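Participant: sequence? don't have it. structure:
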């Protein structure tokens with residue numbers, strides 16, 4: 001990736017310019033990152049090593065854990081290492097790569113949420129035909145849509161950025177490379193380009209959000225013929241899922257579906273959607289699931305017995 005501009009590297013200001021906070025940031029984010037990675041690896045290993053993998057729902061859950069771990073790894077390790085340095089530098093190529101990774105994984109995550117909602121819909125509304133509808137060919141096709149959709153979303157954004165001339169300021173008031181700060185540093189008028197970028201996000205976010213809401217609405221309507229206990233259980237699951245999805249989409253809409261501008265609150269919002277929201281997924285989709293909790297207990301018991309032998 002050849003940069004034809006004067007700017008070959010960018011300076012990141014990080015979360016804060018207060019040197020006293022850098023060690024705190026290092027410890028907090030390192031511990032959080034380690035726990036999060038271990039938790040998602042545990043989910044993937046548990047499902048893979050148990051009969052749960054035979055269910056499409058848990059197949060998609062392993063993919064969600066994988067994409068969350070990847071998304072966490074796009075920005076947080078850089079933040080952790082930068083907290084140890086006074087001057088936080090990143091090359092042009094590294095910056096573009098980070099933006100691509102961020103949009104690729106986030107786009108895939110958004111589509112995967114929709115796929116999982118469709119799986120829940122079939123589970124509840126078409127229970128008798130579930131295995132026929134959600135066969136492994138369909139699951140593979142849906143995962144193909146997830147990855148291709150995420151790639152196209154990221155590629156379109158990057159194609160807007162690479163041709164831009166960067167010839168002046170190279171200071172990014174953020175802890176990661178992102179589109180809006182880069183557009184503001186370009187030595188050209190990026191107003192129209194900012195609208196294209198927002199339009200791309202506008203296509204993938206509201207469309208998938210609408211599909212999600214329709215899926216859960218249909219699920220809730222179909223519960224009329226189920227028992228009271230089944231309705232309460234399904235309602236609890238749907239509300240939890242909708243809460244995570246709405247939080248994720250609202251933050252994405254705030255950051256990416258507005259004119260390119262850097263606001264003081266952007267860093268706090270970025271921390272929330274790069275860390276807090278992905279951390280909620282294991283809690284919502286795993287720890288509230290009795291089958292997953294039992295599978296984790298069995299896996300841990302098996303490990304303990306093996307080590308004793």
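Facilitator: Nice, thanks for sending it over. Just so you know, these numbers come straight off a predicted model, no measurement behind them.

Participant: contact partners of stretch 84-101?
Facilitator: Residues from elsewhere that reach stretch 84-101, judged by CB atoms under 8 Å, 6 or more residues apart in numbering: 1, 3, 5, 7-14, 19, 22, 26, 70, 74-75, 78, 82, 154-155, 157-158, 161-162, 166, 176-179, 182. (C-beta placed from N, C-alpha, C; glycine too.)

Participant: where exactly do the helices run in this protein?
Facilitator: All helices of the chain, identified by DSSP state H, fall at 19-48, 56-82, 92-125, 130-133, 136-161, 179-185, 191-222, 228-256, 266-271, 277-282, 290-308.

Participant: Pull out the buried positions in the first one.
Facilitator: Within helix 19-48, the residues that qualify as buried are 22, 25-26, 29-30, 32-33, 36, 39-40, 42-44, 46-47, counting by 16 or more other CB atoms under 10 Å.

Participant: follow-up on the earlier one: drop anything exposed from the contacts of stretch 84-101.
Facilitator: Neighbour-count burial (16+ other CB under 10 Å) is assigned, among these, to 3, 7, 10, 12, 14, 22, 26, 70, 74-75, 78, 82, 154, 157-158, 161, 166, 176-179, 182.

Participant: Show me the shaky parts of the stretch 151-300 of the chain.
Facilitator: Applying pLDDT under 70 to the stretch 151-300 of the chain flags the ranges 198-209, 223-227, 229-231, 233-241, 248-266, 282, 285-291, 293, 299-300.

Participant: And residue 154, how far from residue 108?
Facilitator: Counting by CB to CB, to the nearest Å, the separation of residue 154 from residue 108 is 9 Å.

Participant: Show the pLDDT at residue 53.
Facilitator: The confidence metric pLDDT takes the value 67 at residue 53.

Participant: how close does the residue most central in space within the chain sit to residue 292?
Facilitator: The centroid of the chain falls nearest to residue 106 when counting by CA atoms, centre = their mean (4.3 Å). In this view, residue 106 and residue 292 are 24 Å apart by CB to CB.

Participant: what does residue 90 give?
Facilitator: Here residue 90 is placed at a distance of 38 Å from residue 292 (CB to CB).

Participant: do the same with residue 270
Facilitator: From residue 270 to residue 292 the distance is 30 Å (CB to CB).

Participant: Same check on residue 134?
Facilitator: Residue 134 sits 19 Å away from residue 292, going by CB to CB.

Participant: before we move on, what about residue 28?
Facilitator: 27 Å.

Participant: cool, residue 66 as well?
Facilitator: 16 Å.

Participant: The two - which one has more neighbours?
Facilitator: More crowded of residue 66 and residue 292, by other CB atoms under 10 Å: residue 292, with 20 against 17.

Participant: picking that back up, columns distance to residue 170 on top of the helices of the chain, output as TSV?
Facilitator: Compiled in TSV, the helices of the chain are given as follows (distance: least, CB to CB, whole Å):
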stretch	distance to residue 170
helix 19-48	21
helix 56-82	15
helix 92-125	9
helix 130-133	52
helix 136-161	14
helix 179-185	7
helix 191-222	19
helix 228-256	22
helix 266-271	18
helix 277-282	29
helix 290-308	46
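
Participant: quick one, which of those is nearest to residue 171?
Facilitator: Comparison of the helices of the chain against residue 171 by CB to CB identifies helix 179-185 as nearest, at 8.0 Å.

Participant: buried set for the closest one?
Facilitator: By 16+ other CB under 10 Å, the buried positions in helix 179-185 come out as 179, 180, 181, 182, 183, 185.
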